[in-house]
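**Q** okay, sequence plus prediction incoming.
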Amino acid sequence: MPELLNRYKSDQRPNNVNSKMVPDVWFDPFVVLEVTGAELSVSPIHTAAEGVFKEDAGLGLRFPRFTGRVRNDKGPEESTSVGEAIEMYEMQRNR
């Protein structure tokens with residue numbers, strides 16, 4: 001993974017990334033990695049869909065796990081969108 005991601009390291013947050021968290025390392029979003037998780041939950045520290053389900057809270061993936069699959073067939077603009085995450089959260093709530 002370091003060999004794949006090292007060339008995308010950045011000292012600052014990319015302009016197209018909205019985040020309340022400050023990681024040790026930023027990466028420019030060029031690589032799509034497949035992840036799975038237990039569920040989506042409303043989170044005060046995540047910004048995806050912020051304000052949709054609760055003021056000052058977004059959606060976060062609980063217990064995220066990298067599947068080991070690098071999606072070379074997709075670019076970042078083809079990864080799961082905020083709208084799709086909202087739909088998944090609503091389907092999950094209706095179960």
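**A** Received the coordinates, thanks.
**Q** now the longest helix along the chain, how far from the centre of its chain.
**A** Counting residues, the longest helix found in the chain (DSSP state H) is helix 82-93. Offset of helix 82-93 from its chain centre (Cα atoms, centre = their mean, to the nearest Å): 14 Å.
**Q** ok, and for it, which residues are buried?
**A** Within helix 82-93, the residues scored as buried using 16 or more other Cβ atoms under 10 Å are 85, 86, 89. Using the backbone N, CA and C atoms, a C-beta is placed for each residue, glycine as well.
**Q** packing partners of that helix?
**A** Here helix 82-93 touches strand 39-43, strand 58-62, going by 3 or more Cβ pairs under 8 Å, 6 or more residues apart in numbering; DSSP states H and E.
**Q** okay if I get the buried residues of helix 82-93 as TSV plus distance to residue 9?
**A** Formatted as TSV, the buried residues of helix 82-93 follow (distance: Cβ to Cβ, whole Å):
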residue	distance to residue 9
85	26
86	31
89	31
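**Q** what's in contact with stretch 74-90?
**A** The contact list for stretch 74-90 (Cβ atoms under 8 Å, 6 or more residues apart in numbering) reads 29, 30, 31, 32, 40, 48, 49, 52, 53, 59, 71.
**Q** list only buried entries from the residues you listed.
**A** By neighbour count, with 16+ other Cβ under 10 Å, the contacts of stretch 74-90 hold 31, 32, 40, 48, 49, 52, 53, 59 as buried.
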